[in-house]
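1. here is my input; please provide its structure:
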Amino acid sequence: MGHFSINSTHSLRGRLRHTLAALLLVSTSTAAMAADQVPMTIVINQSPWFAGFQKAVELYQSETGNTVNLDVNPFAGSLEKQRAAVRTGESPYDVLIMNAGFFIEFYTGGFLEPLTNIDAGFKLNPDIYTFDDSVYWNSETKQIDAANGDILSVPINPFLPLLHYRSDLYEENGLSVPTTWDELYANAKALHNPPAMYGISQRGQRGAFDVTFDVLPYIWSHGGALYADQKGGDYTVTVNSPETLAGMETYLKLAKEVGHPSTAGQTQTNVIQNMATGQAAHIQGVPAPALFDDPANSIVVGKVNYAPTPGTAEHPSSPPLGHWLGGIPKNIPDDRKTAALAFLTWFQTDQAQRAYAEAGSPPVSRAVLTSELADKPEFRYMKALADSIPNARLTFVIPEASQVLAITELRFNQAISGELPLKEALNTAATEIAKVMTDSGYTAPTLPPLE
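-> The predicted structure follows:
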């Protein structure tokens, strides 16, 4: 999808003014502080939560009178535009909506303006989650550093997986919400009745950051990882550790015994459709509750509930962060930086976060996720999300993430499809990841191959 201006979409403006006014208006003082800014442009990806963000932007415009343009693209297209923008003489974009898998390359490249350089008094709202301290960056040590780092971004969306389950079928069959993979397997087996109903539908298709994202909860909750300790600077490659192997074996057990027959070909869209059309008893995915409760898109309205991803007896639920952060590039004029920061400051307010949530997008505010909204049926995902965020972990804190993901996306997919035996796929991935790391100057020892 190409570039467009919400301001120019008059019919949309009218509809959204009518509906969002009923949600919650931003306070006069907050709107006044943000008013009279130069026009700004945000580059963003098309995603299940985009509609909520779009409506929040529309509310910001109607409350402040400021102009915001949205340049909307597929995931990979948005990333490439951002990479090009920060390397030109002047970025055409004022806010970059960066994904958890790739924001580090913008941090390490020095492409983002520390937000306190724009406004010395800027602070992150204490109700906003920092998502494993991902908003802080120490440019000297090149590390995530909440104590000594600059604030380089503001969280935009808490993109992390939750377990989705058919609450009506749980009630009919007397099932309890699982907290371990073994419990999930037992529940999925009880409901598995192919081809009418699959016990679980899992994403296994290779993409930019697809199958890797979905297998990490299995791997981490078995004590495995891609590296020994990225945040601590230990880049020993552990993708072929016994613990990582155990996590992948659990994933494959579910896929083969109670899952979709073509798990290796399942995209995020496929998985969501399987739930929405009543063909999956469970999925693991980012919350998109408005979709499942929309009669035009779903036959399971009111029948999908949410829980944290399972863990094991030894390791609790540990979901990966695929969240989104808004950063301001250095290579734009000061007045555009000020306009961008005005929007990001407004976006953190309780009023904005409530409107964002009520427009269909999961908020990044602890206060909103744990508010009375969570007791309403349409926001029933909020409690599971609030329980999950404290245990969520960054997937990558190295700028070579895209190179590593190219390896893991291929090798995990080959293991799931049966193109390569699991141990061979993990050993191959370890060798390839180690080469990427050593070629980039890291010390990256490997483990003995799995036999």
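2. you'd agree Ala246 is in a strand?
-> No - under DSSP: H, G, I helix; E, B strand; the rest coil, Ala246 sits outside any strand and is assigned helix.
3. so how far is Asp335 from it?
-> Separation of Ala246 from Asp335 (C-beta to C-beta, to the nearest Å) stands at 54 Å. For every residue, glycine as well, the C-beta is placed using N, CA and C.
4. which parts of stretch 112-125 are buried?
-> Of the residues in stretch 112-125, those buried by neighbour count under the rule 16 or more other C-beta atoms under 10 Å are 112-115, 117-118, 124-125.
5. no, scratch that, I was asking about stretch 249-262
-> Going by neighbour count (16+ other C-beta under 10 Å), the buried part of stretch 249-262 is 250-252, 254-255, 258-260.
6. which of the residues you listed sits closest to Ala290?
-> If you rank the buried residues of stretch 249-262 by distance to Ala290 using C-beta to C-beta, His260 comes first, at 24.0 Å.
7. quick revisit: can I get the buried residues of stretch 112-125 in TSV with secondary structure?
-> Shown next, in TSV, are the buried residues of stretch 112-125 (three-state DSSP):
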residue	secondary structure
Leu112	strand
Glu113	coil
Pro114	coil
Leu115	helix
Asn117	helix
Ile118	helix
Leu124	coil
Asn125	coil
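8. let's have those in a markdown table, adding pLDDT and distance to Asn331.
-> Shown next, in a markdown table, are the buried residues of stretch 112-125 (pLDDT from 0 to 100; distance: C-beta to C-beta, whole Å):
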| residue | pLDDT | distance to Asn331 |
| --- | --- | --- |
| Leu112 | 98 | 10 |
| Glu113 | 98 | 9 |
| Pro114 | 98 | 14 |
| Leu115 | 98 | 16 |
| Asn117 | 98 | 13 |
| Ile118 | 98 | 14 |
| Leu124 | 96 | 24 |
| Asn125 | 96 | 27 |
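9. got the domain ranges for this structure?
-> Split into domains by automatic domain parsing, the chain comes to 3-159+321-369, 162-318+399-439.
10. want to throw those into TSV with distance to Ala392?
-> Below are the domains of the chain laid out as TSV (distance: least, C-beta to C-beta, whole Å):
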stretch	distance to Ala392
domain 3-159+321-369	5
domain 162-318+399-439	8
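11. ok so, going back, out of the buried residues of stretch 249-262, who's nearest Val135?
-> Tyr251 (30.8 Å).
12. which of the helices or strands spans that closest one?
-> helix 242-258 (DSSP states H and E).
13. which helix or strand lies directly C-terminal to that helix?
-> Under the assignment DSSP H and E, the closest C-terminal helix or strand after helix 242-258 is helix 268-276.
14. what ranges does the stretch 101-250 of the chain have for its strands?
-> Defined through DSSP state E, counting those that start in this stretch, the strands belonging to the stretch 101-250 of the chain, from first to last, are 136-137, 150-151, 153-157, 162-166, 227-229, 234-237.
15. flag the shaky bits of the stretch 151-300 of the chain, pLDDT-wise.
-> Along the stretch 151-300 of the chain, no part satisfies pLDDT under 70.
16. using JSON lines, lay out the buried residues of stretch 112-125 together with distance to Ala228.
-> Listed next are the buried residues of stretch 112-125 as JSON lines, based on distance: C-beta to C-beta, whole Å:
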{"residue": "Leu112", "distance to Ala228": "28"}
{"residue": "Glu113", "distance to Ala228": "33"}
{"residue": "Pro114", "distance to Ala228": "30"}
{"residue": "Leu115", "distance to Ala228": "32"}
{"residue": "Asn117", "distance to Ala228": "35"}
{"residue": "Ile118", "distance to Ala228": "37"}
{"residue": "Leu124", "distance to Ala228": "30"}
{"residue": "Asn125", "distance to Ala228": "34"}
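17. which among the residues you listed gets closest to Gln403?
-> Checking the buried residues of stretch 112-125 against Gln403 with C-beta to C-beta, the nearest one is Leu112 at 21.1 Å.
18. before we move on, the earlier item: among the strands of the stretch 101-250 of the chain, which is nearest Gln273?
-> The closest approach between Gln273 and any of the strands of the stretch 101-250 of the chain, judged by C-beta to C-beta, belongs to strand 162-166 at 12.7 Å.
19. which ones are touching Glu105?
-> Residues counted as contacts of Glu105 (C-beta atoms under 8 Å, 6 or more residues apart in numbering) are 83, 399, 401-402.
20. what's the distance between it and Pro308?
-> 29 Å.
21. and the strands of the stretch 101-250 of the chain: which comes nearest Leu96?
-> Nearest to Leu96, of all these, is strand 153-157, at 8.6 Å by C-beta to C-beta.
22. got the CA coordinates for the closest one in CSV?
-> These are the backbone C-alpha positions of strand 153-157, laid out as CSV (Å, rounded to 0.1, in the frame of the first residue of the first chain):
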residue,chain,number,x,y,z
SER,A,153,12.0,5.5,21.0
VAL,A,154,8.5,5.3,22.3
PRO,A,155,6.6,1.9,22.2
ILE,A,156,3.8,1.8,19.7
ASN,A,157,2.4,-1.7,19.8
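23. who does it pair up with?
-> In the sheet, strand 153-157 lines up against strand 324-327 (antiparallel) (DSSP bridges).
24. for whatever helix or strand comes next after the partner strand, what is the average pLDDT?
-> Scanning the chain past strand 324-327 towards its C-terminal end, the next helix or strand to appear is helix 334-347 (assignment: DSSP H and E). Rounded to a whole number, the mean pLDDT of helix 334-347 is 98.
25. helices or strands next to helix 334-347 in the packing?
-> Packing contacts for helix 334-347, counted by 3 or more C-beta pairs under 8 Å, 6 or more residues apart in numbering; DSSP states H and E, involve helix 28-34, strand 40-45, helix 50-64, strand 95-99, helix 115-118, strand 153-157, helix 350-358.
26. contact partners of it?
-> Helix 334-347 is touched from outside by 26, 30-31, 33-34, 37-40, 42, 56, 60, 64, 66, 68, 94-95, 113, 115, 118-119, 122, 154, 156, 326, 328, 332, 352-353, 356, with contacts defined as C-beta under 8 Å, 6+ apart.
27. out of the residues you listed, which are buried?
-> Under a neighbour-count criterion of 16+ other C-beta under 10 Å, the subset of the contacts of helix 334-347 counted as buried comprises 26, 30-31, 34, 37, 40, 42, 56, 60, 64, 66, 68, 94-95, 113, 115, 118, 154, 156, 326, 328, 332, 352-353, 356.
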